[in-house]
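Chemist: Give me a 3D structure for the following:
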Amino acid sequence: MMSIRRSNERGHFDHGWLDTYHTFSFGDYYDPRFMRFKSLRVINEDRVAPGQGFGRHPHRDMEILTYVLSGELEHRDSLGNGAVIRPGEVQYMAAGTGIEHSEFNPSASEPVHLIQIWITPDRKGIPPRYEQRPFPAISSAGELALLASPDGRRESIRINQDADVLATTLKTGQRTRHALAPGRAAWIQVLRGQLQIDGVTLEAGDGASVIEQRSLDIVALRDAELLLFDLV
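Modeler: Alright, predicted model coming up:
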């Protein structure tokens, strides 16, 4: 069974320096129908203006993944990490017992377009951890690249939750399939283009939850990019 969350139904705020869409309740956006899906707590689509960013702020007990679609995002944190994340890379923070960080667009002319993901961990009070890694397979059209998993298999980032995070690009007409084990569910977030999933058309910004289903058949109606979350 599939349930669609259309792009224009998301929470939206334009702060000038930040244009942001919230799939689930976040900050000043509250919708009791969309608090989370399984362990998936946040999918925010952000566009940050040149030279702007998020000042230093704290997090605790959350698995945080950042996925850049275009531009660059500069990261600094209280663990001493500093890096720039670019398209094709994934940044991960286990906030655990506490971490402070800032995210900044270092460009003087180009905005940065990113997806920030929060997943609730399977336990609290773990030591904070940071990792950043390139995933060249994201650009291999039709192949679902495993970005994050509970066991770090297939060279993915190990996270503290029974959740697989996958991504792919698809050229027009290409398709891919994803099998769901019994008892598992999925959330698909369309990042670019146009897809059809089991005959249902989704546009950029749309999301879909899938439960009580054994597989997903995904075909690109227009060049597309997507994230897929496989969850318990």
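
Chemist: contacts, neighbours, all on C-alpha from now
Modeler: OK.

Chemist: residue nearest the centroid of the protein?
Modeler: The centre of the chain sits closest to residue 117, judged by C-alpha atoms, centre = their mean, with a distance of 4.3 Å.

Chemist: which strands and helices sit next to the helix or strand where that one lies?
Modeler: According to DSSP states H and E, residue 117 maps onto strand 112-119. Secondary-structure packing of strand 112-119 (3 or more C-alpha pairs under 8 Å, 6 or more residues apart in numbering; DSSP states H and E): strand 40-48, strand 63-70.

Chemist: Can you point out the buried residues in the next helix or strand along the chain from the longest one?
Modeler: If you walk from strand 40-48 toward the C-terminus, the next helix or strand you reach (DSSP H and E) is strand 53-59. Buried residues in strand 53-59, counting neighbours by 16 or more other C-alpha atoms under 10 Å, are found at 53, 59.

Chemist: Likewise for stretch 136-148?
Modeler: The neighbour-count check on stretch 136-148 (16+ other C-alpha under 10 Å) flags 137, 138, 139, 141, 142, 143, 144, 145, 146, 147, 148 as buried.

Chemist: want to throw those residues into JSON lines with distance to residue 33 and secondary structure?
Modeler: As requested, those are exported to JSON lines (distance: C-alpha to C-alpha, whole Å; DSSP: H, G, I helix; E, B strand; the rest coil):
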{"residue": "137", "distance to residue 33": "35", "secondary structure": "helix"}
{"residue": "138", "distance to residue 33": "31", "secondary structure": "helix"}
{"residue": "139", "distance to residue 33": "34", "secondary structure": "helix"}
{"residue": "141", "distance to residue 33": "34", "secondary structure": "coil"}
{"residue": "142", "distance to residue 33": "33", "secondary structure": "coil"}
{"residue": "143", "distance to residue 33": "33", "secondary structure": "coil"}
{"residue": "144", "distance to residue 33": "29", "secondary structure": "coil"}
{"residue": "145", "distance to residue 33": "30", "secondary structure": "strand"}
{"residue": "146", "distance to residue 33": "29", "secondary structure": "strand"}
{"residue": "147", "distance to residue 33": "28", "secondary structure": "strand"}
{"residue": "148", "distance to residue 33": "27", "secondary structure": "strand"}
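
Chemist: Give me the lowest-pLDDT entry from those.
Modeler: pLDDT across those is lowest for residue 141, at 77.

Chemist: No further questions, thank you.
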